[in-house]
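**Q** here is a sequence with its predicted model. Questions after.
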Amino acid sequence: MTLTDQTKCKRHVRLGVEKLLQDSLSRVQGARVGLVCNQASVDHNLRHVADLFYENPQVKLTTLFGPQHGIRGDVQDNMIETEHSLDRETGLPIHSLYSETREPTELMLKDVDVLIIDVPDIGCRIYTFAYTMANCMRAAKNFGKKVIVCDRPNPITGTRVEGNVLEAEQASFVGQFPIPTRHGLTMGELAQMFNGHFGIDCDLEVLKMDGWQRDCWHDETDGPWVLPSPNIPTLDTATVFPGAVHFEGTQLSEGRGTTRPFELIGAPYIDAEDYARELNGIGLQGAFFRSCLFRPTFQKHAGQPCGGVQIHVTDRERFEPVIVGVAMVKTAVNMYPDDFRWKDPPYEYVYDRNPFDVIAGTTKLRRAIEEGIAIQAIGESREDGLTEFRKVRERYLLY
């Protein structure tokens, strides 16, 4: 079967930005346009939307805004600020929204009437792009600008809701609102929830996709895949991320500096075979933990051999990434109490709180792990919050 044949077998999805460019440019007619985008902001031909807007005579593109890692994904490591600059391709100014400010200033928006947001998400609360969008919406409200969000698929489906609902005292740049770890929404749906339920109240329009269904994994569509951030190279990575991201709040390596970030988990003190055997003995659905050794090239334990596991998702419909990630952290704490450490601050502009708590959105999860609470009990303790969130979520579903 050829690549073309394979594409024909998949569900066709017309992206929000493609609808805008193909038949909705009247929405920006005569307006000065600012664009929030990154390297994954492409059409089905893998053309970057900044180039498409710049080349279109009906669009007056004046300004570019970059989220974490930049508009073309040039900053590899996380928590490294991006500089303000000029875009090499278009010559337009790029204002970094992962710098001394995470929200556009009035000066940055002086040549903008309409702010178009076309950035991907990976279906997890702990991902900064959704909050860059929220910050842009707030600035648009404050300075009288219109916002158009061009919707893109949730790559890990829009049906699952899992994890802790963020508590207000743990709000940060990786979690501004009380939503769960895996929210089951698209960026357009999140924008509507932020605007309505959480009260941003800007002049917002969401351009829906055509053809996307909630139960679609990204590889079941013909949508383009470009790594949405440097350490999310594949759909496999995105699938495990809502659980494996918890290791960012520990001193274990989450696989950054390897070719399988978030799939490889370990530390120099871990016995790979013992750790894998213990994890596989828990009976977590849809997952197998293969013992392995790896040596990160940067970040935690750079240059040191780490024992650990690779998470293999054997059945993604049954796989629950959040509880898997929690079980992995809890097992490491139980097996290596003398070596295990939580990460020290800072983490994503938070300097006075435990990074694991910031990621989890609560102090309760860390305390439950430290107190030896059973995995099943930890999972059940989240249900009341998830039930309430599902009721709110239902009002903002577009598909």
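**A** Looks like it arrived, so ask away. Numbering: from 1, shown residues only.
**Q** and the helices in the stretch 51-200 of the chain?
**A** In the stretch 51-200 of the chain, the helices defined using DSSP state H, counting those that start in this stretch lie at 129-143, 187-196.
**Q** what segments of the stretch 1-150 of the chain are strands?
**A** Along the stretch 1-150 of the chain, counting by DSSP state E, counting those that start in this stretch, strands occupy 32-37, 60-66, 85-86, 93-96, 114-118, 146-150.
**Q** tell me which of those is the most buried.
**A** Neighbour counts (mean count of other CB atoms under 10 Å) averaged over each of these peak at strand 114-118, with a mean of 27. C-betas here are computed from N, CA, C, even on glycine.
**Q** a markdown table for the strands of the stretch 1-150 of the chain, including distance to C306 and mean pLDDT?
**A** As requested, the strands of the stretch 1-150 of the chain are arranged in a markdown table below (distance: least, CB to CB, whole Å; pLDDT from 0 to 100):
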| stretch | distance to C306 | mean pLDDT |
| --- | --- | --- |
| strand 32-37 | 35 | 98 |
| strand 60-66 | 32 | 98 |
| strand 85-86 | 35 | 94 |
| strand 93-96 | 32 | 97 |
| strand 114-118 | 37 | 98 |
| strand 146-150 | 40 | 98 |
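**Q** just send those strands back as a markdown table, with distance to G379 too.
**A** Below are the strands of the stretch 1-150 of the chain laid out as a markdown table (distance: least, CB to CB, whole Å):
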| stretch | distance to G379 |
| --- | --- |
| strand 32-37 | 36 |
| strand 60-66 | 37 |
| strand 85-86 | 45 |
| strand 93-96 | 39 |
| strand 114-118 | 34 |
| strand 146-150 | 33 |
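**Q** model confidence over stretch 155-171, on average?
**A** Average pLDDT, stretch 155-171: 97.
**Q** so how far is K208 from the residue lying closest to N154 once chain neighbours are set aside?
**A** Nearest residue to N154, sequence neighbours excluded (CB to CB, 6 or more residues apart in numbering): G123, at 4.5 Å. Going from G123 to K208 by CB to CB, to the nearest Å gives 17 Å.
**Q** R290 now?
**A** 40 Å.
**Q** now do L15
**A** L15 sits 10 Å away from K208, going by CB to CB.
**Q** so where's the chain shaky on pLDDT?
**A** 1-8, 74-79 (pLDDT under 70).
**Q** would you map out the domains in it?
**A** 3-220, 235-362 (automatic domain parsing).
**Q** for the shortest one, measure first residue to last.
**A** In this case it means domain 235-362. Taking CA to CA, to the nearest Å, domain 235-362 runs 27 Å from one end to the other.
**Q** ok so, going back, list residues touching both of L15 and K208?
**A** Taking CB atoms under 8 Å, 6 or more residues apart in numbering as the contact rule, L15 and K208 both touch D151.
**Q** so for the two, which sits in the more crowded spot?
**A** L15 (26 against 17; other CB atoms under 10 Å).
**Q** what does that one show for phi and psi?
**A** Torsion angles at L15 (phi, psi; degrees, to the nearest 10) stand at phi -70, psi 160.
**Q** what separation do you get for it and V42?
**A** In terms of CB to CB, L15 sits 9 Å off from V42.
**Q** so which of the domains of the chain gets nearest Y396?
**A** Each of these has some distance to Y396 by CB to CB; the shortest is domain 3-220, at 4.5 Å.
**Q** which residue packs closest to the most centrally placed residue in the chain, ignoring adjacent ones?
**A** Nearest residue to the geometric centre of the chain (CA atoms, centre = their mean): Y127, 3.5 Å. The spatially closest residue to Y127, leaving aside those adjacent along the chain, is D121, at 6.2 Å (CB to CB, 6+ apart).
**Q** and the one you found, what does it touch?
**A** The neighbours of D121, taking CB under 8 Å, 6+ apart as the test, are 127, 129-130, 152, 154, 186-187, 190, 228.
**Q** also E254?
**A** The contact partners of E254, by CB under 8 Å, 6+ apart, come to 244-245, 247-248, 261-262, 264-265, 300.
**Q** what about these, which are in strands?
**A** By the criterion of DSSP state E, membership of the contacts of E254 in strands covers 264-265.
**Q** what's the closest of the contacts of E254 to S99?
**A** S99 has its nearest neighbour among the contacts of E254 in E248, at 20.8 Å by CB to CB.
**Q** surely M209 meets D151?
**A** Yes. Contact status for M209 versus D151: in contact at 5.1 Å, counting by CB atoms under 8 Å.
**Q** now list whatever residues contact both of those two.
**A** 15-16, 186.
**Q** any idea which of the helices of the stretch 51-200 of the chain gets closest to P104?
**A** Among the helices of the stretch 51-200 of the chain, the nearest to P104 by CB to CB is helix 129-143 (4.3 Å).
**Q** check which helices and strands the closest one sits against.
**A** On a contact count with 3 or more CB pairs under 8 Å, 6 or more residues apart in numbering; DSSP states H and E, helix 129-143 meets strand 32-37, strand 114-118, strand 146-150, helix 187-196, strand 203-207.
**Q** packing partners of the fourth one?
**A** Taking 3+ CB pairs under 8 Å, 6+ apart as contact, the helices and strands that helix 187-196 lies on are helix 129-143, strand 146-150, strand 203-207, helix 383-394.
**Q** hmm, try it at 10 Å
**A** Applying 3 or more CB pairs under 10 Å, 6 or more residues apart in numbering; DSSP states H and E, we find helix 187-196 packed against strand 114-118, helix 129-143, strand 146-150, strand 203-207, helix 383-394.
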